[in-house]
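# How does the following fold in three dimensions:
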Amino acid sequence: MKRKEKNNTKRYTYMTWAFILLVWLAVTELNLISSRLVPSPIQVIKTFVDILNNGYNHTSFWAHMGISMYRLFLSSVLALITAIPLGLLSGYSNKVRAVVDSVVQFYRPLPPLAYYTLLILWLGIDESSKVMLLFLAAFAPIYLACVSAVSKVNPDFIGSAESLGASKKDVFFTIVLPACLPDIFTGLRVAVGVAYTTLVSAEMVAATSGIGWMVIDASKYLKSDVMFVGIIIMGLTGLLIDFCLRKIENKVVFWKGK
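Now for the predicted structure:
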């Protein structure tokens with residue numbers, strides 16, 4: 001029954017995207033909108049093949065893709081290894097939370113470009129400032145997910161374990177951490193998405209490569225077909241990354257939803 005319902009859900013998804021593509025094709029083929037503003041799907045495919053074969057701005061497609069993924073992956077890993085311990089500690093200790101939480105809550109709503117110029121002044125125009133910008137974007141969702149996860153752990157489980165002689169270390173690794181893992185993975189998925197959206201901002205200033213930079217550079221010369229290629233690639237890559245994270249989550253947090 002569940003498999004049948006899942007297949008029906010996928011069918012709706014395919015129908016939705018088929019409808020979007022048909023509308024896009026009809027609008028462009030009937031010249032309802034200028035091709036300079038909205039290129040046809042056929043033109044976008046041709047542009048993608050050309051970029052794949054010849055690159056963009058004397059740089060290969062895979063070099064653009066590789067540097068963007070490097071920035072995204074490195075910043076996400078750094079956020080993961082710092083936000084999880086600090087988030088769990090903040091959930092455990094009010095003193096740690098009083099120190100860390102206010103800082104995170106202060107910078108979290110700020111637009112990335114508001115402090116990106118400061119990062120460039122402090123760290124230079126190379127990869128350090130870009131990775132730091134993406135790190136700050138990814139840090140907050142993971143940290144907040146960890147703090148929230150600790151607060152939702154059932155205190156009766158902890159009390160029962162302690163009454164049976166479990167140490168704080170045992171309680172953390174056998175009760176608290178497993179209970180927090182679902183929320184941690186949710187925070188990680190949100191963090192990667194936020195970091196990816198910030199990637200364009202990171203590649204706007206003092207960059208000559210990257211998928212986000214390619215979109216920004218194409219916009220200066222009204223190359224809407226290149227912009228569509230970059231946006232579609234970023235969307236598909238984001239879906240692929242999220243799909244991989246959900247697969248890992250299903251393997252690691254196999255008890256979720258049971």
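# CA atoms for contacts and neighbours, from now on please.
Noted.
# Could you pull up the mean pLDDT of stretch 174-193?
For stretch 174-193, mean pLDDT rounds to 91.
# Then stretch 131-148?
Rounded mean pLDDT across stretch 131-148 is 95.
# Could you list the buried residues of that stretch?
131-148 (16 or more other C-alpha atoms under 10 Å).
# can you check stretch 35-51 too?
In stretch 35-51, counting by 16+ other C-alpha under 10 Å, buried: 38-41, 43-44, 47-48, 51.
# Using TSV, please lay out the residues you listed together with secondary structure.
Shown next, in TSV, are the buried residues of stretch 35-51 (DSSP: H, G, I helix; E, B strand; the rest coil):
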residue	secondary structure
Val38	coil
Pro39	coil
Ser40	coil
Pro41	helix
Gln43	helix
Val44	helix
Thr47	helix
Phe48	helix
Ile51	helix
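# Between the residues you listed, which sits nearest Pro178?
Phe48 (43.7 Å; C-alpha to C-alpha).
# Can you get me a residue count around the residue nearest to that closest one when sequence neighbours are not counted?
Distances taken as C-alpha to C-alpha, 6 or more residues apart in numbering put Val229 closest to Phe48, at 6.1 Å, once the chain neighbours are dropped. Counted with other C-alpha atoms under 10 Å, the neighbours of Val229 add up to 23.
# Now Val229, what are its backbone angles?
Main-chain dihedrals, Val229, degrees, to the nearest 10: phi -60, psi -50.
# who are the neighbours in contact with it?
44-45, 47-48 (C-alpha atoms under 8 Å, 6 or more residues apart in numbering).
# For this protein, give the helix that spans the most residues.
Ranked by residue count, the top helix of the chain under DSSP state H comes out as helix 61-92.
# how far is that helix from where the chain is centred?
Distance of helix 61-92 from its chain centroid, counting by C-alpha atoms, centre = their mean, to the nearest Å, is 9 Å.
# Which positions within it qualify as buried?
61, 64-65, 68-69, 71-73, 75-80, 83-84, 86-91.
# Apart from its chain neighbours, what residue comes closest to Tyr196?
Of all residues not flanking Tyr196 in the chain, Leu72 sits nearest, at 6.7 Å (C-alpha to C-alpha, 6+ apart).
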